[in-house]
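Participant: My questions concern the predicted model and sequence given below.
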Amino acid sequence: MRFLLVEDTLDVAEAIRDRFERAGHVLELAQRIEDAEQLASFNTYDLIILDVNLPDGSGLDFLRQLRQGQNPVPVLVLTARLAVDDKISALDFGADDYMVKPFDLGELEARVRAIIRRRAGGARPLLQAGNLQFDMAERTVKVDDELRELTRREQILLEIFLTNTGRVLEKEELLTRLFGLNGESNPNAVELYVGRLRRKIEGADLEIRTLRGLGYQARLIERDAL
């Protein structure tokens, strides 16, 4: 999945980025609110990890601007502040969760998974479409309880489709979610990974449709209607 990290402390930012990139995610970094605003205006992210104390202002002001602009992207706030009022402000402004520095990277990763699950309508660490199950914590994929071996990139692509069921996803959006702004620039790479994913989840109740000139759409197959 594609995340935006807004954090000006470089060693903290690099530790977070390394952790999430090892899990196969794309994570882009902004060290100032000005940069974060520009990235969020022109790109689609699955989640934003947001520091409060930034060189050019408060991350909470950026959060408030996102919500006033009707941007529904999930936001997890990071801060060194301990005051209860700060936590209340973050949640009232529209944060999905809140962590106080210093924090454990494993807990951060787990909280991110929990936010994504809640946004997808689930409480367990599972994304499911009929007989297909994707365990977000274990990073395992099963079809009819049969384990299917997917690469990290294929797992991320499946995660994107499962959390956007019914939505038309353009090739360019999938490309940046999979590889980031400075990654792979050939849209044919998306076709390659979609083709591989289809083969590996053959028999699943999830259909990945190609919509000519538009992109891709994942939908649940209604077996009773067949």
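Facilitator: Looks like it came in fine. Residues are numbered from 1 along each chain as shown.

Participant: Give me the contact list for the helix or strand bottoming out on mean pLDDT in the chain.
Facilitator: In the chain, no helix or strand scores lower on mean pLDDT, DSSP states H and E than helix 84-93, which sits at a mean of 78. Residues outside helix 84-93 that contact it (C-beta atoms under 8 Å, 6 or more residues apart in numbering): 52, 60, 63-64, 67, 77, 79, 98. Where C-beta positions appear, they are placed from N, C-alpha and C, glycine not excepted.

Participant: How about the contacts made by the closest residue to residue 26 other than its chain neighbours?
Facilitator: Leaving aside its chain neighbours, residue 26 sits nearest to residue 180 (4.2 Å; criterion: C-beta to C-beta, 6 or more residues apart in numbering). Residues near residue 180 by C-beta under 8 Å, 6+ apart: 2, 26-28.

Participant: Reformat the residues you listed as JSON lines; add pLDDT.
Facilitator: JSON lines is the format used below for these (pLDDT from 0 to 100):
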{"residue": "2", "pLDDT": "88"}
{"residue": "26", "pLDDT": "86"}
{"residue": "27", "pLDDT": "91"}
{"residue": "28", "pLDDT": "92"}
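
Participant: So which of these sit within strands?
Facilitator: Secondary structure from DSSP state E places 2, 26-28 of the contacts of residue 180 in strands.

Participant: can you tell me how far the most centrally placed residue in the chain sits from residue 102?
Facilitator: Closest residue to the average C-alpha location of the chain: residue 46 at 3.2 Å, with C-alpha atoms, centre = their mean. Distance, residue 46 to residue 102, by C-beta to C-beta, to the nearest Å: 25 Å.

Participant: for residue 187, what are its contacts?
Facilitator: Residue 187 touches 171-172, 175, counting by C-beta under 8 Å, 6+ apart.

Participant: Can you tell me which of those residues is closest to residue 213?
Facilitator: residue 171 (10.2 Å; C-beta to C-beta).

Participant: these two touch, right, the closest one and residue 215?
Facilitator: Yes. Taking C-beta atoms under 8 Å as the definition, residue 171 is a contact partner of residue 215 at 5.5 Å.

Participant: Quickly note the distance from residue 6 to residue 148.
Facilitator: With C-beta to C-beta as the criterion, residue 6 and residue 148 are 35 Å apart.

Participant: Quick check: buried residues in the strand or helix carrying residue 155?
Facilitator: Assessed by DSSP states H and E, residue 155 sits inside helix 152-162. Buried positions in helix 152-162, judged by neighbour count with 16 or more other C-beta atoms under 10 Å: 153-162.

Participant: Distance to residue 12 added to those, as a markdown table?
Facilitator: Formatted as a markdown table, the buried residues of helix 152-162 follow (distance: C-beta to C-beta, whole Å):
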| residue | distance to residue 12 |
| --- | --- |
| 153 | 26 |
| 154 | 30 |
| 155 | 26 |
| 156 | 23 |
| 157 | 29 |
| 158 | 30 |
| 159 | 25 |
| 160 | 27 |
| 161 | 31 |
| 162 | 30 |
